[in-house]
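In: sharing a model prediction with you, sequence too.
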Amino acid sequence: MNSSEINAKLLDEFTDALWLEDGLSRNTLASYRSDLEQLGAWLAKQSQQTQSFIDATHADLLAFLASRVSSMAKASTTSRELSSMKRFYRFLLRQGKIRIDPSLNIESPRLPRSLPESLTEAEVEALLSAPDITQPLGLRDRAMLEVLYATGLRVSELVGLRVAQVSSDMGIVRVMGKGSKERLVPLGEEALYWVDDYVKKARPCLLDNKVTDKLFVTARSDTMTRQTFWHLIKRHAQQAGIVKSLSPHTLRHAFATHLLNHGADLRVVQLLLGHADISTTQIYTHVARERLKQLHAKHHPRG
């Protein structure tokens, strides 16, 4: 077995272990594999014979990261790649494939804290009102946007919703998030109204006698994809006159920010978003803090 075959086998074993131990999604596993394949390709270029991951040294990993910086890769990208390498080499060490972890004592680049782009409450209202609800597709889009803003779901969670995951009686949606962790999120009366309206009036038209357990479907009666829904958000944002740069997480950010602005506890927001670590949620306190500063400046006599 040559070095390239050894590398491929090691990556297979590593991603299988990640899936079994942590239940990571296919996209996350693909990201790990892509980062490490990039390292493998770089190692091969440095050696006349293809170098195995097992043969890589501490100096090799440092040189690889330096090459990534020289190629103008973002700090967030090199940080993620280093994280992938560290986890991979910890796995190899645990499996007895190597005796020394070459990724030890390599520090991640310091990342600037970037605040998530959000929408004002007025902009959210404009976006929610943009779809033409007299049409089945417009009613579907309105229901999806309402659910997204009411729950803070990830787009992948939204498009993957099944009919059975929504409880109209209890007013909740049961979500299977990252790492196959389940959480219950309140829908709220407004979102529940639009989902019920969509299910009764629009969904049967879109399905056209086809059968699926997916809640949101396309004009072709197929399952909605993340990419398709992202294009819909951009189109409706343009119709609503929103000129901000949007991302697939924009309504998720707005959900968290507006909850905090209205006094929600950070731990509660963490549970609703499905964040495993409170530090992931804490970035929203910086957004909310700006709102508090504005209120203080406007209403305090010495503001």
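Out: Received the coordinates, thanks.

In: what is whichever strand or helix holds residue 9 packed up against?
Out: Element membership for residue 9, per DSSP states H and E: helix 3-22. Applying 3 or more CB pairs under 8 Å, 6 or more residues apart in numbering; DSSP states H and E, one finds that helix 3-22 makes contact with helix 26-46, helix 75-94. The C-beta positions use only the backbone N, C-alpha and C, and glycine is treated the same way.

In: ranges for the helices of the stretch 101-250 of the chain?
Out: Ranges of helices in the stretch 101-250 of the chain, per DSSP state H, counting those that start in this stretch, are 121-128, 136-151, 155-159, 189-197, 203-207, 226-239, 250-261.

In: in CSV: those helices, plus distance to residue 43.
Out: Formatted as CSV, the helices of the stretch 101-250 of the chain follow (distance: least, CB to CB, whole Å):
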stretch, distance to residue 43
helix 121-128, 47
helix 136-151, 42
helix 155-159, 33
helix 189-197, 50
helix 203-207, 50
helix 226-239, 33
helix 250-261, 38
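
In: what's around the residue lying closest to residue 124 once chain neighbours are set aside, how many residues?
Out: Among residues not flanking residue 124 along the chain, residue 254 sits closest, at 5.5 Å (CB to CB, 6 or more residues apart in numbering). The number of residues packed around residue 254, counting by other CB atoms under 10 Å, is 23.

In: for residue 96, same thing?
Out: 7.

In: and it, what are its phi and psi?
Out: The phi and psi torsions at residue 96 (degrees, to the nearest 10) take the values phi 80, psi 20.

In: and it, what pLDDT?
Out: The per-residue pLDDT reported for residue 96 equals 93.

In: outline the domain layout of the protein.
Out: Structural domains annotated on the chain: 3-94, 121-298, as defined by automatic domain parsing.

In: distance to residue 103 for the ones you listed - can I get that in JSON lines?
Out: JSON lines is the format used below for the domains of the chain (distance: least, CB to CB, whole Å):
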{"stretch": "domain 3-94", "distance to residue 103": "5"}
{"stretch": "domain 121-298", "distance to residue 103": "22"}
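
In: between the ones you listed, which gets the lowest average pLDDT?
Out: Out of these, domain 121-298 stands lowest, with a mean of 83 (criterion: mean pLDDT).

In: can you measure across it, start residue to end residue?
Out: Using CA to CA, to the nearest Å, the end-to-end distance of domain 121-298 comes to 19 Å.

In: chain center to that domain: distance?
Out: 13 Å (CA atoms, centre = their mean, to the nearest Å).

In: residues near residue 169, how many?
Out: 5.

In: next, the contact list for it, please.
Out: Shown here is residue 169, which makes no contacts under the criterion CB atoms under 8 Å, 6 or more residues apart in numbering.

In: distance of it from residue 234?
Out: Distance of residue 169 to residue 234, given as CB to CB, to the nearest Å: 35 Å.

In: before we move on, back to that, mind listing what's buried in the helix holding residue 9?
Out: Buried residues in helix 3-22, defined by neighbour count with 16 or more other CB atoms under 10 Å: 3, 6, 7, 10, 11, 14, 15, 18.

In: out of the helices of the stretch 101-250 of the chain, nearest to residue 25?
Out: helix 155-159 (7.8 Å; CB to CB).

In: could you tell me how many residues sit around the nearest residue to residue 159 once chain neighbours are set aside?
Out: The shortest distance from residue 159 to any non-neighbouring residue, by CB to CB, 6+ apart, is to residue 224 (4.4 Å). By other CB under 10 Å, 20 other residues sit near residue 224.

In: alright, that wraps it up for me.
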